[in-house]
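*Asks:* predicted model and sequence follow; I will ask about them next.
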Amino acid sequence: MSTQATLPEVGEWGWPGGAESAVSLTFDVDAEAGWLGEGPAYERRLTTLSEGRYGVVRGMPRILRLLAEYGIRATFFVPGHTAQTHPGLVEGILTGGHEVAHHGHLHLRSDKVSPDAQRAEIEQGLAALEEAGAPRPVGYRSTSWELTPETFDLLIEHGFGYDSSCMGDDRPYYELHHGKALLELPVHWSLDDWPRYGWNIDTGGNTAAPGELYTSWLAEFDLARAERRHVVYTMHPEVIGRPQRYVELTRLIEKFAERGGAWYAPLADVADHVRPLLPVSGR
């Protein structure tokens, strides 16, 4: 049975520098792996694969420049296949002072593959990131945010310090499963760019007005400040790196800076800060 632990009250998080809230900008650098993980048929779909590649070729340079301009350190979840396919990507992320975290190897959904395949995703991803020069990652995000009992156990076995796949709260908490605990830095579809803009020729999707992201995410930021909590935004370079969406992200970060009162931190830093504040006990 899964449950979670009791959380600190409003205002008890004690964010560094007296900040009113903590903000983590996170990016899933899926690239071609985001499609190849769907099945071998995608190896022949060059146009689809090229859209994933756009995220590294065009999206990443824009994102890294923007973060550098505002002095923001972020977390990049990089599948092992992406690290292998795009030499220099991991180095560029690290040079910017950002965190490289684990996002599987071939972007396989844990709930759709065997326990052995889930183990391979973890271990091959670790090996590929190490080969690319990344420090051993302390954080993990599951593909499509589907975390299974097997993967949960693998994260414990391999010593991960946090997960960012579940949605049981909008504050950091411990996800508990069968007597084991994993620090969770939660996510939500409403704080993800993909449900707004993700689209493909087989299943369709959404083409929301770019400005909707600005409006919704600013509202989330303002309430996080009022509640003095943490908020995690999730983006994909091939999505948010497209010009009209990148413009809205830029406008949003400018507004965040104008509002003030936020500690911008990679998820690993947030995990280190909140861990001593969270009791590992069921409700």
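*Replies:* Good, I have the coordinates.

*Asks:* can you tell me how far Ala226 sits from Ser24?
*Replies:* 18 Å (Cβ to Cβ, to the nearest Å). Just so you know, the C-beta spots here come from the backbone N, C-alpha and C atoms, and that holds for glycine as well.

*Asks:* no, scratch that, I was asking about Ala120
*Replies:* Distance of Ala120 to Ser24, computed by Cβ to Cβ: 28 Å.

*Asks:* check the gap between the residue of the chain most remote from its centre and Trp35 for me.
*Replies:* The centre of the chain is farthest from one residue, Arg44, which by Cα atoms, centre = their mean lies 28.2 Å away. Noted for Arg44: a distance of 11 Å to Trp35, by Cβ to Cβ.

*Asks:* coming back round to it: got the phi/psi numbers for the residue farthest from the centre of the chain?
*Replies:* phi -100, psi -10 (degrees, to the nearest 10).

*Asks:* do Asp163 as well
*Replies:* Dihedral angles for Asp163 - degrees, to the nearest 10 - are phi -120, psi 150.

*Asks:* bridged to it, which residues?
*Replies:* Tyr140, Glu184 (DSSP bridges).

*Asks:* can you count the residues close to it?
*Replies:* If you count neighbours by other Cβ atoms under 10 Å, Asp163 ends up with 27.

*Asks:* show me what contacts it?
*Replies:* Gly139, Tyr140, Arg141, Ser142, Leu147, Phe152, Leu155, Glu175, Leu182, Leu183, Glu184, Leu185 (Cβ atoms under 8 Å, 6 or more residues apart in numbering).

*Asks:* residues contacting the residue lying closest to the fifth one once chain neighbours are set aside?
*Replies:* Read it as Leu147. Among residues not flanking Leu147 along the chain, Ser165 sits closest, at 4.5 Å (Cβ to Cβ, 6 or more residues apart in numbering). Ser165 is in contact with Tyr140, Arg141, Ser142, Trp145, Glu146, Leu147, Glu184, Val187, counting by Cβ under 8 Å, 6+ apart.

*Asks:* could you dump the residues you listed to a markdown table with distance to Trp194 and neighbour count?
*Replies:* Converted to a markdown table, these look like this (distance: Cβ to Cβ, whole Å; neighbours: other Cβ atoms under 10 Å):
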| residue | distance to Trp194 | neighbour count |
| --- | --- | --- |
| Tyr140 | 18 | 26 |
| Arg141 | 13 | 24 |
| Ser142 | 14 | 25 |
| Trp145 | 10 | 20 |
| Glu146 | 14 | 13 |
| Leu147 | 17 | 24 |
| Glu184 | 20 | 25 |
| Val187 | 11 | 21 |
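
*Asks:* what's the farthest-apart pair in the residues you listed?
*Replies:* Spanning the widest gap among those are Glu146 and Glu184, at 14.4 Å by Cβ to Cβ.

*Asks:* which residues of the stretch 1-150 of the chain score low on pLDDT?
*Replies:* For the stretch 1-150 of the chain, applying pLDDT under 70 flags the ranges 1-11.

*Asks:* residue ranges of the helices in it, please?
*Replies:* Using DSSP state H, counting those that start in this stretch, the helices of the stretch 1-150 of the chain run over 33-36, 46-54, 60-70, 80-85, 89-95, 115-131, 149-157.

*Asks:* the host helix or strand of Gln244 to helix 60-70, inter-axis angle?
*Replies:* Taking DSSP states H and E as the definition, Gln244 sits inside helix 243-259. Angle, helix 243-259 to helix 60-70, by axes from the mean of the first three to the mean of the last three Cα atoms, to 10 degrees: 10 degrees.

*Asks:* average pLDDT for stretch 182-189?
*Replies:* Averaged over stretch 182-189, pLDDT sits at 98.

*Asks:* how about TSV for the contacts of Asp163, with distance to Val113 added?
*Replies:* What follows is the contacts of Asp163, written out as TSV (distance: Cβ to Cβ, whole Å):
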residue	distance to Val113
Gly139	21
Tyr140	16
Arg141	16
Ser142	12
Leu147	13
Phe152	15
Leu155	16
Glu175	21
Leu182	20
Leu183	25
Glu184	22
Leu185	24
